[in-house]
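Colleague: Here's my sequence, what's the structure:
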Amino acid sequence: MYEIARRHLGKVVAGAAMAVTGTAVAVAIGLPGVSGAEAPPRAVSGNTLGGTAGTAGGGGTGGEADGAGAPESGAGARAQGTAPPPATVAPAAAEGEKGVGSDPLTDDELARAERLALTPSAAAQQNVEGGRGPQHLGTGLADPLPGDGTRRAEVRFYDYGRDELITRTVNLATGKVEGSVAQRGVQPSAHPEELREALELILASPLGKGVKEDYEDATGKELTSTGQLWFNGDLYRTYREANVPAALTRCGEHRCVRLVTKVLNGAWIDTRDLIVDLSARTVTRVG
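Modeller: The predicted structure is shown next:
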């Protein structure tokens with residue numbers, strides 16, 4: 001009886017061993033070969049990454065390296081290495097003396113156009129400070145004529161002596177002034193030189209006392225020049241205002257501006273209620 005039981009148990013153990021061996025062989029056949037260049041898929045930060053992705057994204061640790069812990073190479077090494085160097089901006093190409101086609105006017109063309117547009121009659125005109133010569137407002141590329149690729153510039157001046165906007169068209173190829181138009185009641189945006197002069201007039205006016213006090217309160221220093229303030233602004237247009245003081249009714253015919261100012265890298269100083277008539281050289285409070 002004992003011998004029968006022993007033989008039966010031996011058959012069971014042998015069968016079990018054969019089953020385990022068969023399973024192992026089946027698994028070995030079903031799986032692709034694993035070498036130094038291939039690794040089984042691994043979960044990294046909740047995602048399954050195959051091949052040589054390694055521990056991309058920083059989700060793994062050094063203790064999870066493949067095989068015997070040999071360092072990864074290729075894409076895996078780059079993922080674990082330092083970040084690529086920052087991008088650099090290539091310097092702009094050197095600007096030539098002349099532009100082509102619809103290119104913006106070059107610095108040389110801008111200076112040349114302004115010089116050519118100052119005809120002999122300019123000496124009788126007046127700039128924003130009251131000096132000789134018109135106030136330059138801006139220069140731009142003129143629209144091309146049909147079938148003519150010649151580059152032309154439109155130069156705008158303001159004659160404070162007559163309150164006129166003067167626009168001259170300069171042929172940049174021939175150097176000749178091909179057209180000149182004078183207009184009254186047309187007011188383009190203010191030039192930075194005009195805004196600076198407006199601030200000078202405010203500081204010289206009795207109404208500028210409050211600006212100086214605000215500056216001293218903000219900085220503890222005395223305000224003595226426009227260079228101590230950041231400023232910007234544009235034209236004061238009467239048609240946008242509900243109430244226009246009598247002193248400003250000619251704005252539009254005259255050149256009038258409103259400024260916003262602040263301490264350099266500091267607090268704002270409210271000057272929006274001070275309107276400067278650059279033609280009459282007066283300062284008026286509104287509101």
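
Colleague: For the stretch 1-150 of the chain, which residues score under the pLDDT cut-off?
Modeller: 1-80, 92-96 (pLDDT under 70).

Colleague: If we use 50, what do you get?
Modeller: Applying pLDDT under 50 to the stretch 1-150 of the chain flags residues 1-72.

Colleague: any idea how far residue 114 is from residue 164?
Modeller: Noted for residue 114: a distance of 18 Å to residue 164, by Cβ to Cβ, to the nearest Å. Quick note: C-beta positions are derived from backbone N, CA and C, even for glycine.

Colleague: Please give me every residue in contact with residue 135.
Modeller: Residues near residue 135 by Cβ atoms under 8 Å, 6 or more residues apart in numbering: 126, 127, 128, 157, 158, 159, 160, 191, 193, 194.

Colleague: Swap in 7 Å and give it another go.
Modeller: 127, 128, 157, 158, 160, 191, 194 (Cβ atoms under 7 Å, 6 or more residues apart in numbering).

Colleague: Pairing partners for it in the sheet, please.
Modeller: residue 158 (DSSP bridges).

Colleague: any idea where the strands of this protein begin and end?
Modeller: Secondary structure of the chain (DSSP state E): strands at 42-44, 47-49, 135-141, 152-159, 164-171, 177-183, 229-235, 256-263, 268-269, 274-277, 282-285.

Colleague: Check the gap between residue 205 and residue 274 for me.
Modeller: 8 Å.

Colleague: Neighbour count for the two, which is higher?
Modeller: Using other Cβ atoms under 10 Å as the criterion, residue 205 and residue 274 rank with residue 274 on top: 24 against 17.

Colleague: what's the pLDDT at that one?
Modeller: Per-residue confidence (pLDDT) for residue 274: 98.

Colleague: hang on, the earlier thing: check the strands of the chain for me and report the most buried one.
Modeller: strand 274-277 (a mean of 25; mean count of other Cβ atoms under 10 Å).

Colleague: And the contacts of it?
Modeller: With Cβ under 7 Å, 6+ apart as the test, strand 274-277 has contacts from 198, 201-202, 207, 236, 248, 251, 254, 256-258, 283-286.

Colleague: if we can go back for a sec, out of the contacts of residue 135, the closest to residue 176 would be?
Modeller: Minimum distance to residue 176 across the contacts of residue 135 is 17.4 Å, recorded for residue 157 (Cβ to Cβ).

Colleague: Touching, the closest one and residue 134? I think so.
Modeller: Yes - shown here, residue 157 and residue 134 form a contact pair, counting by Cβ atoms under 7 Å, at 3.6 Å.

Colleague: overlap in contacts of the two?
Modeller: Joint contacts of residue 157 and residue 134 (Cβ under 7 Å, 6+ apart) are residue 166.

Colleague: Adding distance to residue 241, write the strands of the chain out as CSV.
Modeller: As requested, the strands of the chain are arranged in CSV below (distance: least, Cβ to Cβ, whole Å):
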stretch, distance to residue 241
strand 42-44, 66
strand 47-49, 63
strand 135-141, 23
strand 152-159, 22
strand 164-171, 22
strand 177-183, 23
strand 229-235, 12
strand 256-263, 10
strand 268-269, 22
strand 274-277, 9
strand 282-285, 12
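
Colleague: closest one to residue 103 among those strands?
Modeller: Nearest of these (Cβ to Cβ): strand 135-141, 8.0 Å.

Colleague: any idea how far the closest one is from the chain center?
Modeller: Its chain's C-alpha centre and that of strand 135-141 lie 23 Å apart, by Cα atoms, centre = their mean, to the nearest Å.

Colleague: what's the answer for stretch 114-123, then?
Modeller: Centroid separation for stretch 114-123 versus its chain: 35 Å, with Cα atoms, centre = their mean.

Colleague: So for it, what gets flagged as buried?
Modeller: For stretch 114-123, the neighbour count (16 or more other Cβ atoms under 10 Å) marks 114, 116, 117, 118, 122 as buried.

Colleague: Please narrow these to those residing in helices.
Modeller: 114, 116, 117 (DSSP state H).

Colleague: how about those in TSV, adding distance to residue 184?
Modeller: Formatted as TSV, those follow (distance: Cβ to Cβ, whole Å):
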residue	distance to residue 184
114	22
116	24
117	19
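
Colleague: quick one: which of these is nearest residue 138?
Modeller: residue 114 (9.7 Å).

Colleague: which residues touch the closest one?
Modeller: Listed by Cβ under 7 Å, 6+ apart, the contact set of residue 114 reads 136, 139, 155.
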